[in-house]
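Enquirer: sequence and predicted structure are below.
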Amino acid sequence: MSRLFAFFILLSCLAVAASAQISNIGINPLLLERGARPLSMGGAFVAMSNDVYAQIYNPAGLLKAKGLAVSAFGPNGIGVAQAYPIPVGGTFGVGVFTSQYSALPISGGTANANGNIVSLSYGSKLLDRGFSFGLTGRGVIRQSLETSTGFDQVGQGWDLDAGFLWQGADWWTLGVSGLNLLPKSAAFGGVLDWDVGEDEGFPSLFRVGAVIKRPGQPVLYAGEIDLSSGKSSRLRLGVELPLNQVTWLRFGYTGSNVTYGLGFKMQDFTLDVGMSHEPVKEQSICVFSATYAPLVLSGQKDSRPIIIERMIEELSIKNNLVTIEENLVITGKVKPGLSVLLDGQPLSLANDGSFYSVVPLKTGDNFVSLEMRYQEEKKTFGYKIVRKTGN
């Protein structure tokens with residue numbers, strides 16, 4: 001664990017800011033902002049990453065993701081991304097994105113910049129203490145820069161991202177990620193290799209944030225600070241409020257700009273729309289994304305107990321717990337369609353699938369049963385709780 005953090009810090013210290021042609025007009029070729037859900041929340045997604053766009057914001061969040069998504073970033077780019085859990089553990093992510101900018105002001109004229117980007121990611125558990133870790137390799141297959149002065153360039157290159165997530169409790173999660181970690185002096189990667197002119201390193205970016213949820217409440221609050229090479233820090237804030245089991249309302253703040261949007265879920269499909277801020281041209285744009293995330297992806301074994309376990313997003317109770325408390329507080333969160341019974345009695349679920357219950361404990365051994373039901377299938381989880389006296 002300590003070695004991984006040391007490796008992350010070493011890469012962060014070595015990362016070098018770029019100060020060349022495309023960077024000077026405000027474009028970081030490998031810095032993508034996609035997905036209507038994160039963008040509607042001001043981009044405060046480093047600790048909240050739990051869908052296919054985790055490969056952009058924090059690859060550690062891929063562990064909670066699956067499905068296929070398409071997105072549109074106003075007129076400035078489109079993308080396709082997929083997250084695929086594998087049987088041995090962890091989740092792979094892959095994405096293909098484009099970026100297009102025209103009539104950007106430069107000294108003596110204007111410039112057009114177009115890029116084609118691919119990414120390959122992996123997220124996995126790190127120990128059994130709520131930690132997860134992820135890596136993303138992202139490359140520019142072709143980046144063009146055309147100027148009205150007649151100096152045109154074409155380049156390519158790749159770099160490395162890394163991220164951590166720590167869910168310390170049911171109600172809070174911390175996240176940190178570093179983008180473009182390879183230094184310009186690296187033997188391979190870390191450089192945008194132009195066909196003419198001087199090569200340039202990719203500007204690095206570091207994100208640190210948290211997401212919190214009050215126990216028993218469905219609202220999520222996210223906050224993040226972005227530290228970018230050669231630029232001032234940026235504060236991002238976001239809120240996600242479930243209106244019911246199929247609709248979400250979102251608000252965000254980034255810099256001095258307010259963002260907002262809506263999300264709609266229809267069985268295996270999710271549609272997200274919103275208004276966000278485009279930082280290169282400093283303008284508001286409409287963003288859109290659609291995600292297909294069935295409970296079982298093509299090629300995976302349709303095993304109902306596995307499905308039920310994957311529908312459990314949060315669960316506080318642990319087996320063989322020893323306590324001196326008179327009551328046991330049980331909290332959790334499940335996906336739509338799953339019902340929960342505590343010792344045979346149905347629990348009331350909030351709009352976001354969360355639940356809360358208090359179980360009295362007697363001195364000595366106590367046994368608690370949680371039954372999860374989905375359609376015609378069910379699975380029972382048994383827990384032994386030992387209450388000791390305070391003496």
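Expert: That came through, no problem.

Enquirer: make it CA atoms for all contacts and neighbour counts henceforth
Expert: Fine.

Enquirer: surely residue 205 touches residue 163?
Expert: No. Using C-alpha atoms under 8 Å, residue 205 makes no contact with residue 163, being 11.7 Å away.

Enquirer: the two - which one has more neighbours?
Expert: Residue environment comparison for residue 205 versus residue 163 gives the larger neighbour count to residue 163, 28 against 23, counting by other C-alpha atoms under 10 Å.

Enquirer: what about the more buried one, which helix or strand?
Expert: Counting by DSSP states H and E, the element that carries residue 163 is strand 153-169.

Enquirer: ok, that strand: who's next to it in the sheet?
Expert: Each strand that pairs with strand 153-169, with its direction, by DSSP bridges: strand 131-147 (antiparallel), strand 172-179 (antiparallel), strand 191-194 (antiparallel).

Enquirer: relative to residue 130, how far out is the closest residue in space to residue 239 that isn't next to it in sequence?
Expert: Distances taken as C-alpha to C-alpha, 6 or more residues apart in numbering put residue 221 closest to residue 239, at 4.8 Å, once the chain neighbours are dropped. Relative to residue 130, residue 221 is positioned 19 Å away (C-alpha to C-alpha, to the nearest Å).

Enquirer: quick one, which of the two is more surrounded?
Expert: More neighbours sit around residue 221 than around the other of residue 221 and residue 130, counting by other C-alpha under 10 Å; the figures are 21 against 13.

Enquirer: shared neighbours of residue 205 and residue 163, which are they?
Expert: Shared contacts of residue 205 and residue 163 (C-alpha atoms under 8 Å, 6 or more residues apart in numbering): residue 178.

Enquirer: follow-up on the earlier one: adding mean neighbour count and mean pLDDT, write the strands paired with strand 153-169 out as TSV.
Expert: As requested, those are arranged in TSV below (neighbours: other C-alpha atoms under 10 Å; pLDDT from 0 to 100):
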stretch	mean neighbour count	mean pLDDT
strand 131-147	21	93
strand 172-179	24	95
strand 191-194	22	90
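
Enquirer: and the ones you listed: which comes nearest residue 41?
Expert: strand 172-179 (15.7 Å; C-alpha to C-alpha).

Enquirer: list the buried residues of the strand holding residue 163.
Expert: Taking 16 or more other C-alpha atoms under 10 Å as the neighbour-count basis, strand 153-169 is seen to contain the buried residues 153-167.

Enquirer: what of stretch 336-349?
Expert: Under 16+ other C-alpha under 10 Å, the buried positions of stretch 336-349 are 336, 338, 339, 340, 342, 347, 349.

Enquirer: contacts for it next, please.
Expert: Under the contact criterion C-alpha under 8 Å, 6+ apart, stretch 336-349 has outside partners 245, 308, 311, 352-353, 355, 357, 368-375.

Enquirer: make it 7 Å
Expert: Stretch 336-349 is touched from outside by 353, 355, 368, 369, 370, 371, 372, 373, 374, with contacts defined as C-alpha atoms under 7 Å, 6 or more residues apart in numbering.

Enquirer: may I ask which of those residues comes out lowest in pLDDT?
Expert: Scanning these for pLDDT, the smallest score is found at residue 374, 79.

Enquirer: picking up where we left off before, so who does the residue nearest to residue 239 touch?
Expert: Contacts of residue 221 were listed using C-alpha under 7 Å, 6+ apart, and they are 211, 212, 213, 238, 239, 240.

Enquirer: pretty sure the last one is touching residue 222, no?
Expert: This points to residue 240. No. The pair formed by residue 240 and residue 222 falls short of the contact definition of C-alpha atoms under 7 Å, at 8.5 Å.

Enquirer: with neighbour numbers in mind, choose between the two.
Expert: Neighbours per residue (other C-alpha under 10 Å) separate residue 240 from residue 222, with residue 222 holding more: 26 against 23.

Enquirer: let me see the mean pLDDT of the host helix or strand of residue 38.
Expert: Here residue 38 is covered by helix 36-40, with elements defined by DSSP H and E. In this model, helix 36-40 has a mean pLDDT of 94.

Enquirer: residues making contact with the helix or strand that that helix is followed by?
Expert: Sequence-wise, the next helix or strand beyond helix 36-40 is helix 54-57, with elements assigned using DSSP H and E. Defining contact as C-alpha under 7 Å, 6+ apart, one finds that helix 54-57 is touched by 32, 45, 46, 49, 61, 62, 93, 121, 136.

Enquirer: try 6 Å
Expert: Among residues not part of helix 54-57, those counted as contacts by C-alpha atoms under 6 Å, 6 or more residues apart in numbering are 46, 61, 62.

Enquirer: which strands and helices lie in contact with whichever strand or helix holds residue 241?
Expert: In this assignment (DSSP H and E), residue 241 forms part of strand 234-242. When contacts are defined as 3 or more C-alpha pairs under 6 Å, 6 or more residues apart in numbering; DSSP states H and E, strand 234-242 packs onto strand 220-228, strand 247-254.

Enquirer: quick one, that strand and strand 247-254 angle?
Expert: The directions of strand 234-242 and strand 247-254 differ by 170 degrees, with axes from the mean of the first three to the mean of the last three C-alpha atoms, to 10 degrees as the criterion.

Enquirer: let's test this: mean pLDDT of strand 234-242, rounded?
Expert: Across strand 234-242, pLDDT averages out at 94.

Enquirer: just stretch 254-264 next, same as before
Expert: If you average the per-residue pLDDT over stretch 254-264, you get 92.
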